[in-house]
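Chemist: heads up, no residue letters with this:
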Ligand code: C2E
Ligand code: CA
Ligand code: CA
């Protein structure tokens, strides 16, 4: 296509130039002929006039054909004058009376009976009719003559009557050469100019063709690719899928589809802006591309949804290996220049022939598997399995139940005590949400809080928790505090500070008695928004605690960013405290580090006396866990020293809390 156009342009330019050259040559020839004829006429007239005026007995020669001695003498002087190298004289009838060649030996003079115009009657009639006639001769047959000369016929008059005709031979070789040289120069310059113009026009046209081609290519690229990530778009991915099915049916290899979704990507967009969101998507695209083998296809299906078509699957391990690598690679931090953020990806995989036998079916199954990954806590991968549909359905149902439960009496708060390391001094409680569904029974927060976060229901639910916790805590003894868990979504609305202030005001609870627990993941992605909000809350006197410390990627990094009042060591550390010396060392270091930053430390999930003992020696500030008390409803709180609880047996503890141990 492009080559054709280039050929066409080149041919057009070439033909145009050729045409210009031909026309120029013709014009040159015509102009030089005209010039030469005019010059010959001029010379001949001048010569004839001179001859007519100064040759004696010219009349006798022309009218009677007799060359007198005087005429011979005079004419010999005019035989060669300037460019005139020969002449002939004719009488009134047009017959030759003298040829200049004969002047040298007049004895032989026997004028040939040639006539004007070498027998051309037209010329003869014109000359005898009184006109000058010029005949230009180029490359004459006679080698003794100049290369270019003119034969100019000029009538000679006496008293207005034509008495004869002279034919003057004018040598024009020199002049022709000069004219041709001048013309060649002009033509050369003109040719160069035109060639340059032609070249420029040609280049402009070629450039335009090139631009058109690029635009065309870009259009075609955009039709098949996602502009942001450069990956295939949904349409192209479907085509690739279609082809893979077709190949498989023709005996080709087994393939799988991996559906990938970024966890909490919306938060990145909402808090850091779309520019940052786009950058993350671009980097995700790059990472995915770097993972796949030749022949595999990577696509962005839209938003934060990606997909991989993995070809040549020999064993199920091939799929899980790739899926695990996707999860691992996407979990690495994203460098956005000013910020570094974390954004996990969840992956759902389905294998053709095993999980689905049509394109639609396979995509659907991979999608369901993706949901399963999300439900399993995100940042993970799952295969499709038959159970999936049921689980998914249950999840949908639970979401809709959750929606209707808000604003009803189905929610309550349980409070878990927090003690000083002596195990007896009660310092406060952590409020933990409970949902008792009329038919489904007790639902644990780990199951429904993520649902509430995904659907935006966390906002009204979170406000209810805050209101209830503050109102109930306001009735407790003054020295006891209440800790409330916050979700990332609660920061997004932008009115958290006002909500807290109003709630404190309405409940009458002193600000320093309220403690807000946030997790590291909230800081990871919305550092600015969250730290600013926290700073305003802290300024109000509210305590801020970092929850689940040690479970994130870079816990330490966030400790510098915000002056926390408290740090809660995650119960996964506590669980291994007594059994694993390394964990023991880590916990010891965390506590000493926190103390050096003036941060108090709470250890969660303390279930036995040896854990308590170790934490005590490490100078942990606060103990929370089943050993000292399970979460119980407000009306069961007695705000007592925990000695009773410490001595209680496990069954009694179980009975205190409606919930099963996590
Ligand atoms: P969390 O903030 O880490 O809360 C502590 C969890 O550990 C609670 O589970 C508690 O019952 C459990 N736990 C306490 N002591 C022990 C122990 O000795 N051993 C063991 N194995 N577990 C212990 P729960 O109540 O199921 O809450 C789970 C998570 O749900 C909480 O983790 C918190 O992240 C979230 N959550 C609970 N209530 C709320 C709420 O009102 N708002 C928000 N946003 N999240 C909440
Ligand atoms: Ca907590
Ligand atoms: Ca915790």
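Modeler: Cool, got the structure. Computed from a predicted structure; not experimentally measured. Ligands and ions are numbered 1, 2, ... in the order given.

Chemist: Mean confidence (pLDDT) on the host helix or strand of residue 615, please.
Modeler: Assigned by DSSP states H and E, residue 615 belongs to helix 609-617. What helix 609-617 shows for mean pLDDT is 97.

Chemist: Tell me which other helices or strands the helix or strand following it touches.
Modeler: Counting by DSSP H and E, the next helix or strand C-terminal to helix 609-617 is strand 622-623. Packing partners of strand 622-623 (3 or more C-beta pairs under 8 Å, 6 or more residues apart in numbering; DSSP states H and E): strand 411-419, strand 600-603. Glycine gets a C-beta too; all of them are placed from N, C-alpha and C.

Chemist: outside of strand 622-623, which residues touch it?
Modeler: Under the contact criterion C-beta atoms under 8 Å, 6 or more residues apart in numbering, strand 622-623 has outside partners 418-421, 423, 427, 566, 600-603, 606, 612, 615.

Chemist: before we move on, the earlier item: could you see whether ligand 1 lies near the helix holding residue 615?
Modeler: No: judged by C-beta under 6 Å from any ligand atom, helix 609-617 makes no contact with ligand 1; its nearest approach is 9.2 Å.

Chemist: which of the contacts of strand 622-623 are buried?
Modeler: Among these, those classed as buried by 16 or more other C-beta atoms under 10 Å are 418-419, 421, 423, 427, 566, 600-603, 606, 612, 615.

Chemist: By pLDDT, give me the weakest of those.
Modeler: Scoring the buried ones among the contacts of strand 622-623 by pLDDT puts residue 423 last, at 90.

Chemist: so it makes contact with residue 629?
Modeler: No: if you go by C-beta atoms under 8 Å, residue 423 and residue 629 don't touch, sitting 10.4 Å apart.

Chemist: circling back: rebuild the helices and strands packed on strand 622-623 as TSV, extending it with distance to residue 310.
Modeler: Formatted as TSV, these follow (distance: least, C-beta to C-beta, whole Å):
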stretch	distance to residue 310
strand 411-419	44
strand 600-603	44
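
Chemist: Now do the same contact list for the residue nearest the centre of the chain.
Modeler: Closest to where the C-alpha atoms of the chain average out (C-alpha atoms, centre = their mean) is residue 227, at 5.6 Å. If you count contacts by C-beta under 8 Å, 6+ apart, residue 227 has none.

Chemist: Which one of the buried ones among the contacts of strand 622-623 is nearest to ligand 3?
Modeler: Taking C-beta to the ion as the measure, ligand 3 lies nearest residue 602 of these, at 8.8 Å.

Chemist: what's across from that closest one in the sheet?
Modeler: residue 568, residue 622 (DSSP bridges).

Chemist: Make 124 the starting number, not 1.
Modeler: Sure thing, new numbering starts at 124, so read that last one as residue 725.

Chemist: near ligand 1, which residues of the stretch 524-673 of the chain show up?
Modeler: Contacts of the stretch 524-673 of the chain with ligand 1, taken as C-beta under 6 Å from any ligand atom, map to 539, 555-556, 567-569, 572, 585, 588, 608-610, 670-671.

Chemist: would CSV of those residues with distance to residue 708 and secondary structure be doable?
Modeler: CSV is the format used below for those (distance: C-beta to C-beta, whole Å; DSSP: H, G, I helix; E, B strand; the rest coil):
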residue, distance to residue 708, secondary structure
539, 27, strand
555, 30, strand
556, 34, strand
567, 32, coil
568, 32, helix
569, 29, helix
572, 32, helix
585, 37, helix
588, 36, helix
608, 29, strand
609, 31, coil
610, 32, coil
670, 22, strand
671, 20, strand
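
Chemist: Drop anything exposed from these.
Modeler: Using 16+ other C-beta under 10 Å as the burial test, those include 539, 555, 556, 568, 572, 585, 588, 608, 609, 610, 670, 671 as buried.

Chemist: re earlier: does anything pack onto the helix holding residue 738? Which helices or strands?
Modeler: helix 704-719.

Chemist: Distance check, residue 455 against ligand 2.
Modeler: According to C-beta to the ion, to the nearest Å, residue 455 and ligand 2 sit 27 Å apart.

Chemist: which non-adjacent residue is nearest that residue?
Modeler: Of all residues not flanking residue 455 in the chain, residue 410 sits nearest, at 7.9 Å (C-beta to C-beta, 6 or more residues apart in numbering).

Chemist: sorry, back to before: which one of the helices and strands packed on strand 745-746 lies nearest to residue 308?
Modeler: Closest to residue 308 of the helices and strands packed on strand 745-746, according to C-beta to C-beta: strand 723-726, at 98.7 Å.

Chemist: The contacts of strand 745-746 into CSV, with extra columns for distance to residue 336?
Modeler: Formatted as CSV, the contacts of strand 745-746 follow (distance: C-beta to C-beta, whole Å):
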residue, distance to residue 336
541, 71
542, 76
543, 77
544, 76
546, 80
550, 74
689, 65
723, 68
724, 67
725, 67
726, 68
729, 71
735, 76
738, 72
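
Chemist: Looking at these, which is nearest residue 325?
Modeler: residue 689 (77.3 Å).

Chemist: Pretty sure that closest one sits against residue 725.
Modeler: Yes: between residue 689 and residue 725 there is a contact under C-beta under 8 Å: 5.8 Å.

Chemist: if I look at those two, which residues touch both of them?
Modeler: Residues touching both residue 689 and residue 725 (C-beta under 8 Å, 6+ apart) are 668, 744, 745.

Chemist: Nearest to ligand 3 among the residues you listed?
Modeler: Using C-beta to the ion, residue 668 comes nearest to ligand 3 of these, at 9.2 Å.

Chemist: Now do the same contact list for the closest residue to the closest one other than its chain neighbours.
Modeler: Counting by C-beta to C-beta, 6+ apart, residue 689 is the residue found nearest to residue 668 once chain neighbours are left out, at 3.8 Å. When contacts are counted by C-beta under 8 Å, 6+ apart, residue 689 touches 638, 666, 667, 668, 669, 722, 723, 724, 725, 744, 745.

Chemist: Tell me the spacing between residue 689 and residue 695.
Modeler: Distance, residue 689 to residue 695, by C-beta to C-beta, to the nearest Å: 18 Å.

Chemist: ok, now residue 526?
Modeler: Taking C-beta to C-beta, one finds residue 526 at 32 Å from residue 695.

Chemist: where along the stretch 524-673 of the chain do the helices fall?
Modeler: 568-578, 581-596, 612-615, 619-630, 643-662 (DSSP state H, counting those that start in this stretch).

Chemist: how about those in TSV, adding mean pLDDT?
Modeler: What follows is those, written out as TSV (pLDDT from 0 to 100):
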stretch	mean pLDDT
helix 568-578	88
helix 581-596	96
helix 612-615	87
helix 619-630	97
helix 643-662	85
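
Chemist: highest average neighbour count across the ones you listed?
Modeler: Each of the helices of the stretch 524-673 of the chain was scored by mean neighbour count; the highest is helix 612-615, a mean of 22, by mean count of other C-beta atoms under 10 Å.
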